[in-house]
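Trainee: With the sequence up front, the predicted model follows.
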Amino acid sequence: MTQTARTYGEALYELALEEGLTAQLQEQLAAVAAILRENPQYVRLLSLPSLPKAERCAALDESFGPQVHPYLLNFMKILTENGTIRQLPGCEEAYRRRFNEDNGILEVTAVTAVALQEDLKEKLQAALERRTGKTIHLTTRVDERLLGGVRLETEGLRLDGTVRNRLDELQALLRGAAL
């Protein structure tokens, strides 16, 4: 995330906080960021300096006008007018981080060798909530190379209890041992 994205995202969050709209704008901003990630040609169109700013903003009105809060629509227009609409995913990340921090939410990804069954996912989420005292938003990912176990990833922290990690540690230990 760039400094520009952080600055804009946090500014939008501060406005939403003042107006009591943090949850609503967080949801809408996440949806818009996903749409723009899926449609890079639309982002290119909004970034064209040869297209007048008024036409680019009109395209935003037409695409998002009735679906998003006016604050978010105006935010996207500002990014478009400043030539920084490509920063919107980073703005969404900065906004989400502040929202999560203020609301005691921790995003965790559980990486396993096979898909995690729903009941195990719920148990893991409940255990993490008890240990952290926060609301856990748990996502899962499969990586067959892990062989077994689970790796938890959150905000730059990685807790690795996988078979692959244990084998790697054993291999490093054996390399360092004098025979």
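Mentor: Everything's here; your move.
Trainee: Can you give me the pLDDT of the nearest residue to residue 68 once chain neighbours are set aside?
Mentor: Excluding the flanking residues, the one nearest residue 68 by C-beta to C-beta, 6 or more residues apart in numbering is residue 28, at 4.8 Å. Every residue, glycine included, has its C-beta placed from N, CA and C. Model confidence at residue 28, expressed as pLDDT, equals 97.
Trainee: Find the nearest non-adjacent residue to the residue nearest the centre of the chain, please.
Mentor: Residue closest to the mean C-alpha point of the chain, counted by C-alpha atoms, centre = their mean, is residue 93 at 5.1 Å. In this structure, residue 93 finds its nearest non-sequential neighbour in residue 1, 5.3 Å apart by C-beta to C-beta, 6+ apart.
Trainee: any idea how far the one you found lies from residue 52?
Mentor: Plainly put, residue 1 is 30 Å away from residue 52 if you go by C-beta to C-beta, to the nearest Å.
Trainee: Looking at those two, which has the bigger crowd around it?
Mentor: residue 1 (14 against 10; other C-beta atoms under 10 Å).
Trainee: residues contacting the residue nearest to residue 93?
Mentor: With C-beta atoms under 8 Å, 6 or more residues apart in numbering as the criterion, the residues that contact residue 1 are 90, 93-94.
Trainee: Over to residue 143?
Mentor: Residue 143 makes contact with 111-113, 151, according to C-beta under 8 Å, 6+ apart.
Trainee: Relative to residue 6, which of the contacts of residue 1 is nearest.
Mentor: Nearest to residue 6 among the contacts of residue 1: residue 94, at 4.6 Å, using C-beta to C-beta.
Trainee: Just to check, the closest one is in contact with residue 4?
Mentor: No. Residue 94 lies out of contact with residue 4 (C-beta atoms under 8 Å); the separation is 9.9 Å.
Trainee: Phi and psi next, for residue 130.
Mentor: Main-chain torsions, residue 130, degrees, to the nearest 10: phi -60, psi -40.
Trainee: can you map out the helices along this structure?
Mentor: Residue ranges of the helices in the chain, as given by DSSP state H, are 3-19, 22-38, 40-47, 53-64, 70-81, 88-102, 118-132, 163-176.
Trainee: Return the distance of residue 148 relative to residue 163.
Mentor: 4 Å.
Trainee: Please enumerate the shared neighbours of these two.
Mentor: With C-beta under 8 Å, 6+ apart applied, the overlap between the contact sets of residue 148 and residue 163 consists of residue 113.
Trainee: Please tell me I have it right and the residue nearest to the centre of the chain contacts residue 9.
Mentor: Yes. Counting by C-beta under 8 Å, residue 9 is a contact partner of residue 93 at 6.9 Å.
Trainee: on that earlier part again, neighbour count: residue 94 and residue 4, which is higher?
Mentor: Taking other C-beta under 10 Å, residue 94 and residue 4 do not tie; residue 94 has more neighbours (24 against 16).
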